[in-house]
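J.: Predicted model, plus sequence, below.
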Amino acid sequence: MKITYDPRTDTLTVILKEDAPVAESDEERPGVILDYDEHGNLLSLEILDASRRVTDTRRIEFQMTG
């Protein structure tokens with residue numbers, strides 16, 4: 001998994017599976033774009049205007065449970 005933030009475009013991207021071709025993109029909610037492969041598996045999500053939607057775009061926490 002890879003998470004990037006581009007301050008120039010104010011876009012936060014979470015890539016769940018790299019190097020997989022995107023077959024379909026869907027704007028599930030305004031400003032939230034989901035990318036799927038040919039089997040309908042979620043590959044990535046993109047949050048537009050991220051600084052308005054995310055608490056702190058410069059800080060990322062990762063936690064595993066279980």
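T.: It's in.
J.: Spell out the secondary structure type for Ser51.
T.: Classification of Ser51 using DSSP: H, G, I helix; E, B strand; the rest coil returns helix.
J.: who's in contact with it?
T.: Applying CB atoms under 8 Å, 6 or more residues apart in numbering to Ser51 gives the contacts Asp10, Thr57. For every residue, glycine as well, the C-beta is placed using N, CA and C.
J.: ok, 10 Å please
T.: If a contact means CB atoms under 10 Å, 6 or more residues apart in numbering, then Ser51 has Tyr5, Pro7, Asp10, Thr11, Leu12, Thr57, Arg58 as its contacts.
J.: Pull the most distant pair out of those.
T.: The span of the contacts of Ser51, defined through CB to CB, is set by Thr11 and Arg58 at 14.0 Å.
J.: Could you check which of the two has the larger neighbour count?
T.: Counted by other CB atoms under 10 Å, Thr11 and Arg58 do not tie: Thr11 has more neighbours, with 18 against 8.
J.: Who does Val32 form a beta bridge with?
T.: In this entry, Val32 is beta-bridged to Arg29, Ile47, by DSSP bridges.
J.: and it, what does it touch?
T.: Counting by CB under 10 Å, 6+ apart, Val32 has contacts Asp26, Leu45, Glu46, Ile47, Leu48, Arg53.
J.: Around the third one, how many other residues sit close by?
T.: Just to be clear, that refers to Glu46. 20.
J.: Just give the nearest non-adjacent residue to it, would you?
T.: Ile33 (4.3 Å; CB to CB, 6 or more residues apart in numbering).
J.: Tell me how far the one you found lies from Arg52.
T.: For Ile33, the distance to Arg52 equals 16 Å [CB to CB, to the nearest Å].
J.: quick one, which of those two is more surrounded?
T.: A direct count of neighbours by other CB under 10 Å for Ile33 and Arg52 places Ile33 higher, at 17 against 10.
J.: That one and Asp49 touch, don't they?
T.: No. Using CB atoms under 10 Å, Ile33 is not in contact with Asp49; the gap is 11.8 Å.
J.: For the two, list the residues in contact with both.
T.: Common neighbours of Ile33 and Asp49 (CB under 10 Å, 6+ apart) are Thr11.
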